[in-house]
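In: coords below, sequence missing:
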Ligand SMILES: Cc1cc2nc3c(=O)[nH]c(=O)nc-3n(C[C@H](O)[C@H](O)[C@H](O)COP(=O)(O)O)c2cc1C
Ligand code: SF4
């Protein structure tokens with residue numbers, strides 16, 4: 001169901017959510033987030049209230065709130081729309097996060113390609129400061145908070161929160177071993193909350209309207225609304241806001257998708273569904289609601305799409321761990337073999353699928369754990385094989 005909150009034309013007065021949060025105790029703000037059921041909008045869907053509770057419990061003089069504005073997933077541009085139009089709401093959300101965990105420093109990690117948005121964000125920051133919503137002893141309380149912007153350098157993996165923290169520290173953007181998690185040992189080894197732009201933009205709305213209101217915006221067991229960047233073969237590409245848990249076909253209806261062979265949901269690392277399977281909900285329990293939805297009509301050669309995705313992942317793998325570094329070129333070769341009709345034995349194909357399982361189970365970060373999703377979905381659902389053994393294998397798995 002289309003439901004506009006973050007993108008609503010009528011927006012609450014800027015700062016109102018933060019001012020209300022200041023009248024509450026930090027623990028009550030954390031509990032409000034827990035009760036609302038909000039989960040991170042950056043992809044992994046970690047519960048926000050729980051993350052903030054862990055950071056709040058960490059004992060440290062210095063803590064950080066980091067906004068992940070790296071938005072590197074192919075086909076995703078919803079955070080850009082929020083940054084362009086609602087930077088004040090974002091900073092307000094960061095201030096609420098900081099208040100609840102006891103942090104006075106916010107950092108926005110902005111992808112290099114969005115550097116043109118720095119003046120927009122800086123203007124929002126200045127407006128907040130001029131209105132007594134940032135700086136020392138905000139509204140004559142003991143609370144102090146300010147934000148700064150740091151630019152990334154273009155690597156997709158730097159969207160992964162620990163690689164992002166390394167990059168912020170001036171090092172190569174290599175994902176860290178976890179645990180420890182950023183909530184206890186993040187930026188400069190201090191407790192750090194990392195949240196997505198969309199997550200943080202939703203926070204002031206929750207503070208103003210309550211946990212129940214937010215929970216009720218979602219369908220079924222889901223909470224809130226979700227933004228989707230829709231592109232590809234649709235009449236009206238753009239960013240749409242729907243109740244979390246809405247069926248994919250509803251989103252496609254809004255965007256004007258008439259000829260649908262396949263839809264890539266949740267970015268290159270998400271899932272590829274067939275045009276005959278659009279009833280599934282966009283939710284953390286259904287199709288990954290990461291943000292990107294790319295529609296392919298029947299003229300598109302899906303194995304060509306897969307070749308592109310594989311090239312992307314081989315290029316973006318940081319090379320730090322073996323399953324991802326070595327596995328991705330193997331899968332890329334497999335795709336080339338399938339396309340050229342040079343599929344080896346059934347055994348060889350099975351080995352590639354086993355490799356996807358190994359990568360999922362043993363890669364160090366989310367990139368390697370999810371990069372093979374598109375291989376599995378597209379090869380299983382869209383590849384044309386003339387290999388007899390493979391056909392009988394598929395028939396077997398269909399039964
Ligand atoms: C390869 C990779 C890229 C990612 N890119 C982004 C990104 O661009 N933006 C984002 O918010 N989260 C991204 N994430 C997820 C972050 O690691 C992290 O879960 C998120 O920033 C936490 O915020 P949230 O809880 O508000 O979603 C990425 C994860 C992986 C594995
Ligand atoms: S899974 Fe890939 S991107 Fe992640 S640490 Fe390993 S090599 Fe690097």
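Out: Perfect, I can see it now. Quick caveat, the model's predicted, so the values are computed rather than measured. Ligands and ions are numbered 1, 2, ... in the order given.
In: is it true that residue 174 touches residue 163?
Out: Yes. Between residue 174 and residue 163 there is a contact under C-beta atoms under 8 Å: 6.0 Å. All C-beta atoms are positioned from the backbone trio N, CA, C, and that covers glycine.
In: which neighbours do those two share?
Out: Common contact partners of residue 174 and residue 163 (C-beta atoms under 8 Å, 6 or more residues apart in numbering): 157, 318.
In: what sits against the residue in the stretch 201-350 of the chain positioned nearest to ligand 1?
Out: Nearest residue of the stretch 201-350 of the chain to ligand 1, counting by C-beta to the nearest ligand atom: residue 269, 7.0 Å away. When contacts are counted by C-beta under 8 Å, 6+ apart, residue 269 touches 73, 313, 366-367, 370-371, 373-374.
In: now, among these, which is nearest to ligand 2?
Out: residue 367 (3.8 Å).
In: run through the neighbouring helices and strands of the longest strand out of those in the chain.
Out: Longest strand in the chain by number of residues (criterion: DSSP state E): strand 225-232. Helices and strands touching strand 225-232, by 3 or more C-beta pairs under 8 Å, 6 or more residues apart in numbering; DSSP states H and E, are helix 78-85, helix 197-209, strand 238-243, helix 248-255, strand 292-296.
In: now these in CSV, with distance to residue 27?
Out: Below are the helices and strands packed on strand 225-232 laid out as CSV (distance: least, C-beta to C-beta, whole Å):
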stretch, distance to residue 27
helix 78-85, 28
helix 197-209, 14
strand 238-243, 29
helix 248-255, 37
strand 292-296, 36
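In: chain center to stretch 301-310: distance?
Out: 22 Å (C-alpha atoms, centre = their mean, to the nearest Å).
In: stretch 84-100 and ligand 1, any residue contact?
Out: No. Counting by C-beta under 6 Å from any ligand atom, ligand 1 has no neighbours in stretch 84-100; the shortest distance is 9.9 Å.
In: centre of the chain versus that stretch, how much separation?
Out: How far stretch 84-100 lies from its chain's middle: 18 Å, per C-alpha atoms, centre = their mean.
In: just stretch 270-288 next, same as before
Out: The answer for stretch 270-288 is 16 Å, by C-alpha atoms, centre = their mean.
In: what's the span of that stretch, first residue to last?
Out: 6 Å (C-alpha to C-alpha, to the nearest Å).
In: what mean pLDDT does it have?
Out: For stretch 270-288, the mean pLDDT works out to 94.
In: show me where the stretch 251-399 of the chain has its helices.
Out: With DSSP state H, counting those that start in this stretch as the criterion, the stretch 251-399 of the chain has helices at 302-316, 322-339, 346-362, 366-370, 373-382, 388-398.
In: by contact count, what packs against the fourth one?
Out: Going back to what we said before, that points to helix 366-370. Using 3+ C-beta pairs under 8 Å, 6+ apart, helix 366-370 is in contact with helix 322-339, helix 346-362.
In: now with 10 Å, please.
Out: For helix 366-370, the packing partners by 3 or more C-beta pairs under 10 Å, 6 or more residues apart in numbering; DSSP states H and E come out as helix 161-168, helix 302-316, helix 322-339, helix 346-362.
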